[in-house]
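Undergrad: just a sequence and a predicted model for now, questions to come.
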Amino acid sequence: MADPLHQFQVTPLPGLDFGEVTLPVVGTVHLAFTNSHLAMTIAFLLVIGFFQLVTSGAKVVPGRGQAVGETLFGMIDGIADSIIGHDGKKYFPFVFTVFTFILAMNLLGLFLSFTATSQLAVTATFGVITFLLVVIIGIKKNGLKFLALFWPTGAPLVMRPVVGLIEFFSFLLRPLTLTLRLFGNMMGGHVALKVFAGFVVSLGAMAAAGGWGYLGLPGAALSLSLVTALTALEFLVAFLQAFVFAVLTCVYLNDVVNLGDHH
């Protein structure tokens, strides 16, 4: 348990490991309900429950819960409108869903021993879904003109093939950047918390032994203060990473929705 990477281990819940199962088309898979599934399910239920609670008894003068819900709703709605433009309302439900779900998983990881968004498979799923949605919307809305995204008319003619190739590979890397940014920030923060929390325990135990062990007391106190500061920082990072994901989603949607309009 002292291993700072132990917290990221995906393990089946007791009694919910069904072993090897043969499924149509997919083939043989290991089927189990893991701590990762549990964390995502709890986050989903918290999001649904929170907005059901704050909207069921909506008042003209909002209470604290309603105010939080309206603030989140208005913030993402404003981002979608400002970045995507008049079509922002059309894609707002997707952006808001991704934002609230990622935010819930990030925050939940600060209270549980497992953070779903510290798993590469989870963040990659969000990145790929977002990327595929952008591609589908781009092709559906623009047809073959979608390829104009990789032909920068603002560049000199002789440079357009080179710049266009760079733009193409940059476009393909978008799901990777979405994936790694969220994964790296969440995993790194939790590793740092675990490391400094380990210092608190080990140095505190040294001081409790007495004698020269008392020299570990200042280190334990310093580590504890760092854990407190990092915890506060992690709450901020949890929100910022969900916010950045939503902003980048809007930016990528704007590229294909307003293709050539320079919105």
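TA: Everything's here; your move. Residues are numbered from 1 along each chain as shown.
Undergrad: the residue lying closest to residue 152 once chain neighbours are set aside: helix or strand, and which one exactly?
TA: With sequence-adjacent residues excluded and distances taken as Cβ to Cβ, 6 or more residues apart in numbering, residue 152 is closest to residue 163, at 5.0 Å. The way it works is simple: take the backbone N, C-alpha and C, and place the C-beta from them, glycine included. If you go by DSSP states H and E, residue 163 is part of helix 160-172.
Undergrad: what's downstream of that helix, the next helix or strand?
TA: Next in sequence after helix 160-172, counting helices and strands by DSSP H and E, comes helix 174-208.
Undergrad: I'd like the average pLDDT over that next one.
TA: For helix 174-208, mean pLDDT rounds to 88.
Undergrad: packing partners for it?
TA: Counting by 3 or more Cβ pairs under 8 Å, 6 or more residues apart in numbering; DSSP states H and E, the packing neighbours recorded for helix 174-208 are helix 120-142, helix 216-257.
Undergrad: at 10 Å what do you get?
TA: For helix 174-208, the packing partners by 3 or more Cβ pairs under 10 Å, 6 or more residues apart in numbering; DSSP states H and E come out as helix 88-108, helix 120-142, helix 216-257.
Undergrad: run the chain-centre distance for the helix holding residue 163.
TA: For helix 160-172, the separation from the chain centroid amounts to 27 Å (computed by Cα atoms, centre = their mean, to the nearest Å).
Undergrad: helix/strand/coil for residue 14?
TA: Assigned state for residue 14: strand (three-state reduction, DSSP: H, G, I helix; E, B strand; the rest coil).
Undergrad: quick check: pLDDT value at it.
TA: At residue 14, the predicted lDDT confidence score is 88.
Undergrad: now do residue 235
TA: Listed pLDDT for residue 235 reads 94.
Undergrad: residue 88 and residue 246: what is the separation?
TA: Here the distance between residue 88 and residue 246 works out to 12 Å (Cβ to Cβ, to the nearest Å).
Undergrad: from what I see, residue 124 and residue 181 are in contact.
TA: No. Taking contact to mean Cβ atoms under 10 Å, the distance of 11.7 Å between residue 124 and residue 181 leaves them out of contact.
Undergrad: that older thread, which one of residue 88 and residue 246 is surrounded by more residues?
TA: Neighbour comparison, residue 88 and residue 246: the larger count goes to residue 246, with 25 against 21 (by other Cβ atoms under 10 Å).
Undergrad: wait, that one touches residue 99, no?
TA: Yes. With contact defined as Cβ under 10 Å, residue 246 reaches residue 99; the gap is 4.0 Å.
Undergrad: so what sits against both of those two?
TA: Common contacts of residue 246 and residue 99, defined by Cβ atoms under 10 Å, 6 or more residues apart in numbering, comprise 75, 76, 79.
Undergrad: the last one and residue 248, how far apart?
TA: Distance from residue 79 to residue 248, counting by Cβ to Cβ: 11 Å.
Undergrad: neighbour count: these two, which is higher?
TA: Relative neighbour count places residue 79 above the other of residue 79 and residue 248, with 21 against 17, counting by other Cβ under 10 Å.
Undergrad: can you give me how far the host helix or strand of the more buried one is from the chain middle?
TA: For residue 79, the element it lies in under DSSP H and E is helix 64-84. For helix 64-84, the distance between its averaged C-alpha position and the chain's averaged C-alpha position is 18 Å (Cα atoms, centre = their mean).
Undergrad: buried set for that helix?
TA: Applying a neighbour-count criterion of 16 or more other Cβ atoms under 10 Å, one finds 66, 69, 72, 73, 76, 79, 80, 83, 84 buried in helix 64-84.
Undergrad: could these go into CSV alongside distance to residue 130?
TA: Below are the buried residues of helix 64-84 laid out as CSV (distance: Cβ to Cβ, whole Å):
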residue, distance to residue 130
66, 29
69, 23
72, 19
73, 20
76, 14
79, 15
80, 14
83, 14
84, 14
